[in-house]
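Undergrad: Quick check, what structure comes out for this input:
(chains A and B)
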Amino acid sequence: MQDFEVAIKTLNDDIIVLLKGELDAYHSIEFKEKVIESIRGDEKKVLLDMNDLNYIDSAGLGALVSLLKRTSENAKELRLFGLKGNVKKVFELTRLNKVFKIFDTIEEARL
Amino acid sequence: MSEFGKIVVVVPASIKIVKTLRCAVKNFLTANDVKDNDMIYDMELVTAEALINVIKHTYKFDSTKLISCILEVKDDMLEIRIRDFGTKVEVEKLKPRDLSEPREGGLGLYLIRTLVDEWKYEKACNGNLLILRRKMF
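TA: Residues are numbered from 1 along each chain as shown, chains lettered A, B, ... in the order given. Okay, here's the model as predicted:
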């Protein structure tokens, strides 16, 4: 089984990015490049589904901060939803929960 | 003390190997009756961040270099000793990150400092020795 998987799909006008496993220093660069590649279209919102993400380190957080800047530069909005357990705790510890737009569910994130 | 009260792991300075050490931390804590998943997550993260700092900043991604990691239980404290043999860290220049300005790097040291009860660099004749301690229960 892979430590980290990312799947990207389009749902109406939104890009949904599903993260599964562990977003760490080893996987963060590839993850960032994959998402950047996917945001060249006209979609306005990029929604990261964090429900199945069970580990994140500082490099993973750094990749998300980088994506936040990149989406903003491309007139898109990055939103996160489904943060759980220790991943949620790391966002709170680093106060990145104040930087990102974070929602509980995909329905709320898509509004 | 459990029969697994201390382990020593020596790894090459490669980002790819960090996960292996995280698993060693998890197994070590479990063998020492730690059932608190938050504690296990924190110590996996702290160890990973310390290793990544050495790999990036001290060894500049030279995977021929080695890092030694000692995990030890001392009076209900977990002690993690990360030893490298690279350029001396200028401890006085390690300043806490300003969290009000989000940027891509620099959160590793902040996480280490936040998640342990005690951290310090001890004098080492060649390289650096980072000591991290946290109460286990």
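Undergrad: my guess is B:G105 meets A:G62, correct?
TA: Yes. In terms of C-beta atoms under 8 Å, B:G105 counts as a neighbour of A:G62; the distance is 5.4 Å. To be clear about C-beta, it is placed using only N, CA and C from the backbone, and glycine gets the same treatment.
Undergrad: quick one: A:V65 from A:R79, how far?
TA: As defined by C-beta to C-beta, to the nearest Å, A:V65 lies at a distance of 14 Å from A:R79.
Undergrad: so what's residue 11 closest to, chain neighbours aside?
TA: This is for chain A. Counting by C-beta to C-beta, 6 or more residues apart in numbering or on different chains, A:R110 is the residue found nearest to A:L11 once chain neighbours are left out, at 7.9 Å.
Undergrad: oops, I was thinking of chain B
TA: The shortest distance from B:V11 to any residue other than its chain neighbours is 4.7 Å, reached at B:I17 (C-beta to C-beta, 6+ apart).
Undergrad: Name the SS class of A:D52, please.
TA: Applying DSSP: H, G, I helix; E, B strand; the rest coil to A:D52 yields a three-state assignment of strand.
Undergrad: hey, C-alpha coordinates of the lengthiest helix in chain A in PDB?
TA: Within chain A, and with DSSP state H defining each element, the longest helix by residue count is helix A:58-73. Only the C-alpha atoms of helix A:58-73 are listed here, as PDB (Å, rounded to 0.1, in the frame of the first residue of the first chain):
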ATOM      1  CA  SER A  58       5.800  20.800   8.100                       C
ATOM      2  CA  ALA A  59       6.700  20.100   4.400                       C
ATOM      3  CA  GLY A  60       3.100  19.000   3.800                       C
ATOM      4  CA  LEU A  61       1.900  22.200   5.400                       C
ATOM      5  CA  GLY A  62       4.400  24.200   3.300                       C
ATOM      6  CA  ALA A  63       3.000  22.600   0.100                       C
ATOM      7  CA  LEU A  64      -0.500  23.700   1.100                       C
ATOM      8  CA  VAL A  65       0.700  27.300   1.800                       C
ATOM      9  CA  SER A  66       2.400  27.300  -1.600                       C
ATOM     10  CA  LEU A  67      -0.900  26.100  -3.200                       C
ATOM     11  CA  LEU A  68      -2.800  28.800  -1.400                       C
ATOM     12  CA  LYS A  69      -0.600  31.400  -3.000                       C
ATOM     13  CA  ARG A  70      -0.700  29.800  -6.400                       C
ATOM     14  CA  THR A  71      -4.500  29.500  -6.500                       C
ATOM     15  CA  SER A  72      -4.800  33.100  -5.400                       C
ATOM     16  CA  GLU A  73      -2.500  34.200  -8.200                       C
END
